[in-house]
Structure formats: C-alpha cells, structure tokens
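Enquirer: with the input below, show me the fold.
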Amino acid sequence: MQQHSEDDHIVALFHRGGSSAHTAFTLLVAKYGDVLYRQIRAIAKNHESTNDILQNVFIKVYQNLNGFKGESALYTWMYRIARNETLNFLEKEKRRSGVDLDAPILEILAGHHSLDQQSGEQISDWLFEAISILPEKQALVFQLKYFEEMKYGEMSVKLKTSEGALKASFHHARQKIEEFLLRKLNH
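Expert: Have a look, this model is predicted:
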C-alpha cells in the first residue's frame, strides 16, 4: 500500500502548515492533477471547462484538507470533490447554454432503432443525468473503468477495495446507465 503511505505523508505535511503545507499541496497536484483532469474531461469534454473545474477542485481540496479524516482513501475524497464540482459546473452550463457532453457511451446503445433520431447532445445530456444519479462508488468505478480504462488491480489499490467489489460496482453502474438510456430512448 505504497500509495496510502504517500498520501498519509502528504496529509501530515499539509497539517504542519506554512511552507510544508505548500509543499504538500504541490505534491498533491503533481500526483493527482492528471488523473483528476482526465476524469473531469471525460464528462466535460472541453479543455477550458476542464481546467476551470480542476482549478475549483484544487481550491476546495486546499480549503478542506485539514478536515480530511482519512475515512476513505485521499484519492476517493478528492474524486468526490471533483465529481461534485464537475456536476455543479455542468449543471450551471446546461442552464446557461445547453452543454454537449459527447460521451463515448454509444456502444451501450448500439443497434437501438431510435438512436438515430436522437442528437449527440441529447444522448450526452442523458448520460450526464444517468451518471449523476448513480451511487457515488458506482459512478467513480464506472468513470475509472470506462473513461480512464483503468485495470481493476490498479483501481483496487487506489480505492482500497477488492477487485470483486469493483467488478460488481462497474457491472451495476453500467446496467443502471444502460437501463436509464434505454428508457429515455423508448420514451
């Protein structure tokens, strides 16, 4: 559990305050910036929006790291912040202009007769809606596996969960998303 001890070290450094907190935060950004960027980008699909959201995520992480209790992995806690910030940002954008998520979910719906009648924007909106109503763990596992193409072994270490539980979470998430999207197509 190398990652866990690294994260504990980063949190301990942050709690020292001063220049140690700055060093800890720099380490956090270096360690998790890219993976959080990719997760946000998988939903936002826009570089500028993704950068804005990521900046907000790291501001929230910095403001709240002293309150991190270690009840979950640091990455899981940061992912939760990223997910909430992404959903909030996209909801605001959607209200403003109707955002096109253009997510690669079409393979789930391939061959459905009414798929051709839907715009990519409509399907993306439905995907966004489906992900937003998933239980948090299922949404995280779905995004890591589907968008990041992360292997279950790596996910298991990162999230401190068994591979079997992760496979079950992904299966249930995919099933719920598929059912949700098919209901929308048949509506």
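
Enquirer: past the biggest helix by length in the chain, which element shows up next along the chain?
Expert: Longest helix in the chain, counting residues (DSSP state H): helix 18-44. Note on helix 18-44: by DSSP states H and E, the next helix or strand toward the C-terminus is helix 47-64.

Enquirer: contact partners of stretch 32-43?
Expert: 47, 50-51, 53-54, 57-58, 75, 78-79, 82-83, 85-86, 90, 101, 103, 128, 131, 143-144, 146-148 (C-beta atoms under 8 Å, 6 or more residues apart in numbering). Placement of C-beta: from N, CA and C, glycine included.

Enquirer: buried ones among those?
Expert: By neighbour count, with 16 or more other C-beta atoms under 10 Å, these hold 50, 53-54, 57-58, 75, 78-79, 82-83, 85-86, 90, 101, 103, 128, 131, 143-144, 146-147 as buried.

Enquirer: which of those residues fall within helices?
Expert: The helices, defined by DSSP H, take in 50, 53-54, 57-58, 75, 78-79, 82-83, 85-86, 90, 128, 131 from these.

Enquirer: which among those gets closest to H22?
Expert: Nearest to H22 among those: F58, at 12.9 Å, using C-beta to C-beta.

Enquirer: where does pLDDT dip in this structure?
Expert: 1-4, 45, 91, 93-124, 147 (pLDDT under 70).

Enquirer: domains of it?
Expert: Domain ranges of the chain: 1-99, 100-187, per automatic domain parsing.

Enquirer: next, the buried residues of stretch 167-174.
Expert: So for stretch 167-174, counting by 16+ other C-beta under 10 Å, buried means S169, F170, H172, A173, R174.

Enquirer: farthest-apart pair in those residues, please.
Expert: S169 and R174 (9.6 Å).

Enquirer: which residues do those two both contact?
Expert: Common neighbours of S169 and R174 (C-beta under 8 Å, 6+ apart) are F142.

Enquirer: am I right that V29 is in contact with V57?
Expert: No: with contacts counted by C-beta atoms under 8 Å, V29 stays clear of V57, the gap being 10.2 Å.

Enquirer: assign a three-state SS to E71, would you?
Expert: Under DSSP: H, G, I helix; E, B strand; the rest coil, E71 falls in the coil class.

Enquirer: that one - how many residues pack around it?
Expert: Using other C-beta atoms under 10 Å, E71 has 7 other residues around it.

Enquirer: equivalent analysis for the one 5 residues further on, please.
Expert: T76 has 16 neighbouring residues, counting by other C-beta under 10 Å.

Enquirer: surely it meets V141?
Expert: No: using C-beta under 8 Å as the test, T76 is too far from V141 to be in contact (10.7 Å).

Enquirer: spit out the residues that contact those two alike.
Expert: Joint contacts of T76 and V141 (C-beta under 8 Å, 6+ apart) are L159.

Enquirer: what about stretch 129-147, distance to the chain center?
Expert: 7 Å (C-alpha atoms, centre = their mean, to the nearest Å).
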